[in-house]
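[1] Sequence first, then the predicted structure:
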Amino acid sequence: MQSHGTAKQWITNLQLLVLAKEITASRTCLTVSLELICRICYGVLSTMDYQPSE
């Protein structure tokens, strides 16, 4: 019965590890997306050159 308990604990640890990896991956994806959006906005503003159109 002891081995069964250990296996159950091992599976739980494995699920937690997978969950942690998914959270880290999504957080990294979010960071990359935000950085990409910032770069695009900065690029658009740079092309405008802040010149008054008169």
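    Nice, I can see it.

[2] What pLDDT is listed against residue 6?
    At residue 6, the model reports a pLDDT of 90.

[3] ditto for residue 51
    pLDDT for residue 51: 61.

[4] please begin residue numbering at 2 from this point
    That works, and once the first residue is 2, the last one we named lands at residue 52.

[5] how much space between residue 8 and residue 37?
    According to C-beta to C-beta, to the nearest Å, residue 8 stands 43 Å off from residue 37. To be clear about C-beta, it is placed using only N, CA and C from the backbone, and glycine gets the same treatment.

[6] For residue 45, identify the helix or strand it belongs to.
    Residue 45 belongs to helix 3-49 when assigned by DSSP states H and E.

[7] quick one: that helix to chain centroid distance?
    Counting by C-alpha atoms, centre = their mean, to the nearest Å, helix 3-49 is centred 4 Å from the centre of its parent chain.

[8] pLDDT weak spots in the protein?
    2-4, 50-55 (pLDDT under 70).

[9] can you rerun that using 90?
    2-6, 8, 30, 45-55 (pLDDT under 90).

[10] Which strands or helices does the helix holding residue 45 pack on?
    Under the contact criterion of 3 or more C-beta pairs under 8 Å, 6 or more residues apart in numbering; DSSP states H and E, helix 3-49 touches no helix or strand at all.
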